[in-house]
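In: give me a 3D structure for the following:
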Amino acid sequence: MAEKRRVPSDYFVLISPGKIVFIGIGLFFMLVSWQWPESHLLTQIPSLGPFLSWLGKEHNLLVKLCFVPVMSLHIIEVFVAFYYCYKLRLTTLTTLKWMSQVLVVGIISLCYLIWPLPERGMVRKFKK
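Out: Predicted coordinates for the structure are as follows:
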């Protein structure tokens, strides 16, 4: 028989805030350089700003072809996170935390939801 994993209804693993900020800022600047390459925001970044502005102006299609699939995957991962939260019977607030973290970080966060952490003593296994 298949083994089920049971987690507390408030099971949540916070990814390193550094990773969340790094990936979130990267996604934000991809969006800005694609949609608004002449933005004042890009000119304020000392060394990376001119490069992102140039990339958005000269290679706008390339930035679009990178940004749109990445965000599409992140959005699909949000639906997968919702499914697993429902399957694990997590609370609404915990589900919202998982979904917002997965929207930014993606598969890095989703792995902790699909395969809960047994080494922290949070997971109890039982047979049907």
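In: quick one, what contacts the residue nearest the centre of the chain?
Out: Centroid-nearest residue in the chain, with Cα atoms, centre = their mean: residue 105, separated by 2.4 Å. Residue 105 makes contact with 15, 19, 20, 23, according to Cβ atoms under 8 Å, 6 or more residues apart in numbering. Where you see a C-beta, it was placed from the backbone N, CA and C, and this is true even at glycine.
In: distance check, it against residue 30.
Out: 15 Å (Cβ to Cβ, to the nearest Å).
In: same deal with residue 98?
Out: According to Cβ to Cβ, residue 98 stands 23 Å off from residue 30.
In: neighbour count winner among those two?
Out: Using other Cβ atoms under 10 Å, the more surrounded residue of residue 98 and residue 30 is residue 98, with 24 against 20.
In: name the element that one belongs to?
Out: Element membership of residue 98, judged by DSSP states H and E, is helix 92-105.
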